[in-house]
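Asker: Whatever this is, show me its structure:
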Amino acid sequence: MTDPDAPAGSGRNETREEQLDRNWMELLQELRVLQTGVQILAGFLLTLPFQSRFETLDDFQRTLYLVNVALAALTTAFILLPVSVHRRLFRKRLKETLVTSADNITKIALSGVAALSVGTAALVFDVTAGRTAGLTAGGILLAVLAVLLAYVPLHLHRKARQQGD
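Answerer: Numbers count the residues shown, from 1 in each chain. Predicted coordinates:
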């Protein structure tokens, strides 16, 4: 049986339940990728206080460090949240709610990863090359990530709609 709400010519012959199952599995795979990135950045951040040079950080650098640690913890929480939601909604026939909420949560987690990447790069550049280099690197990375994570998907979506995909 096909989904009556599926767009014409979607190329898929699946029920709504099958589509939700597929979407859920795709979201889980995306969360696995995000989790790996956050774990690497968080692991890096957690080793810094144990380095001898950590004592030489100025107030700005320490604040940036602590903001990054908080971002890493919050982003990790958002990456874990769909699993918690799944546990609560499991076998309650709320798959659509699960997939929709996980989609929104994943977008927030992706923003957290971007912010964490910017903050970590800014901290590393600040410590190794100076404040101007840190702010410049953070600003450039923020602009690049805004283009890659926001503009490119929107542009591709618009282009696909214009081509009738």
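
Asker: tell me the SS of Ala137?
Answerer: What DSSP: H, G, I helix; E, B strand; the rest coil gives for Ala137 is helix.

Asker: which non-adjacent residue is nearest it?
Answerer: Nearest-residue entry for Ala137: Phe125, 3.9 Å, with adjacent residues in sequence omitted and distances by Cβ to Cβ, 6 or more residues apart in numbering. Quick note: C-beta positions are derived from backbone N, CA and C, even for glycine.

Asker: Could you do Asn68 as well?
Answerer: For Asn68, the closest residue by Cβ to Cβ, 6+ apart turns out to be Gly119, at 4.4 Å.

Asker: The one you found: what's it in contact with?
Answerer: When contacts are counted by Cβ atoms under 8 Å, 6 or more residues apart in numbering, Gly119 touches Leu64, Val67, Asn68, Leu71, Gly138.

Asker: Can you list which of those are found in helices?
Answerer: Among these, the members falling in helices (DSSP state H) are Leu64, Val67, Asn68, Leu71, Gly138.

Asker: What is the least confident helix or strand in the protein?
Answerer: helix 16-47 (a mean of 90; mean pLDDT, DSSP states H and E).

Asker: Does it pack against any helices or strands, and if so which?
Answerer: If you count contacts as 3 or more Cβ pairs under 8 Å, 6 or more residues apart in numbering; DSSP states H and E, helix 16-47 packs onto helix 59-89, helix 95-129.

Asker: want to throw the ones you listed into TSV with mean pLDDT and distance to Arg22?
Answerer: Supplementary listing: these in TSV, determined by pLDDT from 0 to 100; distance: least, Cβ to Cβ, whole Å:
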stretch	mean pLDDT	distance to Arg22
helix 59-89	93	15
helix 95-129	94	10
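
Asker: Deepest-packed of these, please.
Answerer: Sort the helices and strands packed on helix 16-47 by mean neighbour count, taking mean count of other Cβ atoms under 10 Å, and helix 95-129 sits at the top with a mean of 19.

Asker: That helix to helix 16-47, inter-axis angle?
Answerer: If you take axes from the mean of the first three to the mean of the last three Cα atoms, to 10 degrees, helix 95-129 sits at 20 degrees to helix 16-47.

Asker: and helix 95-129, how far from the chain's centre?
Answerer: In terms of Cα atoms, centre = their mean, to the nearest Å, the centre of helix 95-129 is found 4 Å from the chain centre.

Asker: Please report the distance of the residue nearest to Glu30 when sequence neighbours are not counted from Leu94.
Answerer: Spatial nearest neighbour of Glu30, chain neighbours left out: Thr106 (5.9 Å); criterion: Cβ to Cβ, 6+ apart. According to Cβ to Cβ, to the nearest Å, Thr106 and Leu94 sit 17 Å apart.
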